[in-house]
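Engineer: What follows is a predicted protein model with its sequence.
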Amino acid sequence: MEKLQLGIGPMSSEIIEAVFRYSHYNRRELMLIPSKNQIDCKGGYVNHWTTKEFMDFVIEMKQKYPNSKIKVCRDHCGPGFNGIHDIQDVYKTIEDDIKNGFDLIHIDFCHFKGSKEERFEASKKAILRCLELNPNLLLEIGTDENEGINFGMVNLKEIEEEIDFFKSFCNPLFYVVQTGTLVKKMNQVGNFNQDFVEKIKELLHSKGLKLKEHNADYLSKEKINSRKGLVDAVNIAPQLGVIQTMIVLAKCLVYGIPYEEFVETVYKGEKWKKWVYKNSPDNKFLCVSIAGHYHFASECYLKIIKQLEEREDIHETIINEMIGVIGHYEWE
């Protein structure tokens, strides 16, 4: 049985180093999956890094962990994911990613403003541009926004037509399937649609594609194992950001370090609105826990980290916890 291929969101330097360290010592191939709002040619919320600055750090990690096997993969490359719907912004990302040595790009035009036919044609143009710049670039295709929807057998024919469209001009590695998973708050609120996944897996494998599941955060070991033989790859991201935020806040409580400014910054930033679910935004601690990672580059967070560094190696503490999460996503 092949190992589950795991894509991890690079929300912090510690998370990125944990990915490399785990890969180095366990000889495990992993994927880093930056989205456009995390890291992009114009910068993002992760350390305010541009794509080049991010890749400079990746190169540094490769040198530090020479046995690591990491694929750098652009997640959700399409209009609207960073609030910009201009297609030229997408092309700038593609060009900069390829220039800086990305291994894979996920073309995702689910936020494209137009008909289905127009969306597919725009996706095709973007893919052909990718292959023009790097014929060996790996591709991931996804056309639907993940909303935790349980697709049924009636959707299979439509999906097959979609796959055949893309296969007519490219050879993607992954096809993103809505398996029913959905992340909200600090929970997996979706339900794995096993009957549908079994059918779509057969279809994808018959056409030489691998099945990729997004929003696989917060899965129990039992639920991870239930995907064995069905799902080829999964992405996780917010879970790691939440854990890092909670570690830092807990350490502030241990050492009596003020954290109120960070809490107010995160709450006022309102990034938590994406993740709340059937609860009141008056739960400030919950909101801060699920959105703290958007503010790891803020002055108030860095001030906290500086004070924690005087008391313990907070970076190692975070890295070790992240390694535990990565190890959790292994078949048994």
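Structural biologist: Nice, thanks for sending it over.
Engineer: And what about the spatially closest residue to Gly208 that is not a sequence neighbour, helix, strand or coil?
Structural biologist: Among residues not flanking Gly208 along the chain, Asn171 sits closest, at 7.2 Å (CB to CB, 6 or more residues apart in numbering). Placement of C-beta: from N, CA and C, glycine included. When classified by DSSP: H, G, I helix; E, B strand; the rest coil, Asn171 comes out as coil.
Engineer: isn't Asn171 right up against Lys207?
Structural biologist: No. Between Asn171 and Lys207 there is no contact under CB atoms under 8 Å: 9.9 Å.
Engineer: These two - which one has more neighbours?
Structural biologist: In this view Asn171 and Lys207 are compared by other CB atoms under 10 Å, and Lys207 has more residues nearby, 15 against 12.
Engineer: how about the strands in the stretch 51-200 of the chain?
Structural biologist: 69-77, 104-108, 138-142, 174-176, 183-184, 187-188 (DSSP state E, counting those that start in this stretch).
Engineer: Model confidence score at the residue nearest to Gly208, please.
Structural biologist: Asn171 carries a pLDDT value of 97.
Engineer: Test my guess that Gly241 contacts Ser289.
Structural biologist: No. Applying CB under 8 Å, one finds Gly241 not in contact with Ser289, separated by 9.3 Å.
Engineer: Going by residue numbers, what spans are helices in the chain?
Structural biologist: 13-26, 51-64, 87-99, 116-133, 156-167, 194-206, 221-225, 238-255, 260-269, 284-291, 299-309, 314-328 (DSSP state H).
Engineer: Flag every buried residue along the third one.
Structural biologist: When burial is assessed from 16 or more other CB atoms under 10 Å, helix 87-99 yields the following buried residues: Asp89, Val90, Lys92, Thr93, Ile94, Asp96, Asp97, Ile98.
Engineer: Nearest to Lys3 among those?
Structural biologist: Asp97 (25.6 Å; CB to CB).
Engineer: how about that closest one, what does it touch?
Structural biologist: Asp97 makes contact with Thr51, Arg74, Cys77, Ile105, according to CB atoms under 8 Å, 6 or more residues apart in numbering.
Engineer: which of those residues lies closest to Gly324?
Structural biologist: So of those, ranked by how close each gets to Gly324 (CB to CB), first place is Arg74, at 26.7 Å.
Engineer: How about that closest one, nearest residue that isn't a chain neighbour?
Structural biologist: Nearest one to Arg74, counting by CB to CB, 6+ apart, is Ile105 at 4.4 Å.
Engineer: Repeat that for His214.
Structural biologist: Nearest non-adjacent residue to His214, counting by CB to CB, 6+ apart: Asn235, 4.8 Å away.
Engineer: what about the one you found, how many neighbours?
Structural biologist: Asn235 sits with 26 neighbouring residues when counted by other CB under 10 Å.
Engineer: before we move on, the earlier item: against Tyr91, how distant is the residue nearest to Arg74?
Structural biologist: Distance, Ile105 to Tyr91, by CB to CB, to the nearest Å: 12 Å.
Engineer: just for the stretch 151-300 of the chain, where's the confidence low?
Structural biologist: Low-confidence segments of the stretch 151-300 of the chain, defined by pLDDT under 70: 151-154, 278-280.
Engineer: try it again with 80
Structural biologist: 151-155, 277-282 (pLDDT under 80).
Engineer: on that earlier part again, neighbour-wise, give me the winner out of the contacts of Asp97.
Structural biologist: Among these, the one with the most neighbours (other CB under 10 Å) is Arg74, at 28 neighbours.
Engineer: Would you agree Leu209 is in contact with Cys170?
Structural biologist: No. In this structure, Leu209 is not within contact of Cys170 by CB under 8 Å, at 11.0 Å.
Engineer: Between those two, tell me which one has more neighbours.
Structural biologist: More crowded of Leu209 and Cys170, by other CB under 10 Å: Leu209, with 23 against 15.
Engineer: which non-adjacent residue is nearest the more buried one?
Structural biologist: Tyr175 (4.7 Å).
Engineer: just to revisit the earlier point, the residue nearest to Gly208 and Pro135: what is the separation?
Structural biologist: To Pro135, Asn171 is 11 Å away according to CB to CB.
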